[in-house]
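Participant: From the sequence below, what's the structure:
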Amino acid sequence: MYYFGIFLIVYGVFVLAGFIMQFPFLYNNAKSKVLIKMMGKTGFNILLLVLGIVCLVGGILLVS
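Facilitator: Have a look, this model is predicted:
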């Protein structure tokens, strides 16, 4: 579970960095466009924020 925790930490940091820096490849792919169309841009940003925080906290809990 140690490696899975490390993966979750890295993934959480990547998602939060993509949310903060608004990476184009994160917002312009087909799945993201469908989600943005369904939820709106603010809803998609909240989803990214929650997903990033949950992955980061889960990874930290698994590593420690």
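Participant: where does Leu26 land on pLDDT?
Facilitator: Reported pLDDT at Leu26 in the predicted model: 88.
Participant: Apart from its chain neighbours, what residue comes closest to it?
Facilitator: Nearest residue to Leu26, sequence neighbours excluded (C-beta to C-beta, 6 or more residues apart in numbering): Gly18, at 4.2 Å. No exception for glycine: its C-beta is placed from N, CA and C like everyone else's.
Participant: Could you measure from that neighbour over to Ser64?
Facilitator: Per C-beta to C-beta, to the nearest Å, Gly18 is found 25 Å from Ser64.
Participant: Val57 now?
Facilitator: For Val57, the distance to Ser64 equals 11 Å [C-beta to C-beta].
Participant: What helices and strands are in contact with the lowest-mean-pLDDT helix or strand in the chain?
Facilitator: Ranked by mean pLDDT, DSSP states H and E, the weakest helix or strand in the chain is helix 24-27, scoring a mean of 90. In terms of contacts (3 or more C-beta pairs under 8 Å, 6 or more residues apart in numbering; DSSP states H and E), helix 24-27 is packed against helix 30-63.
Participant: thinking again about what came up before, can you report how many residues neighbour the residue nearest to Leu26?
Facilitator: 16 (other C-beta atoms under 10 Å).
Participant: Surely it and Asn28 touch.
Facilitator: No - using C-beta atoms under 8 Å, Gly18 makes no contact with Asn28, being 11.7 Å away.
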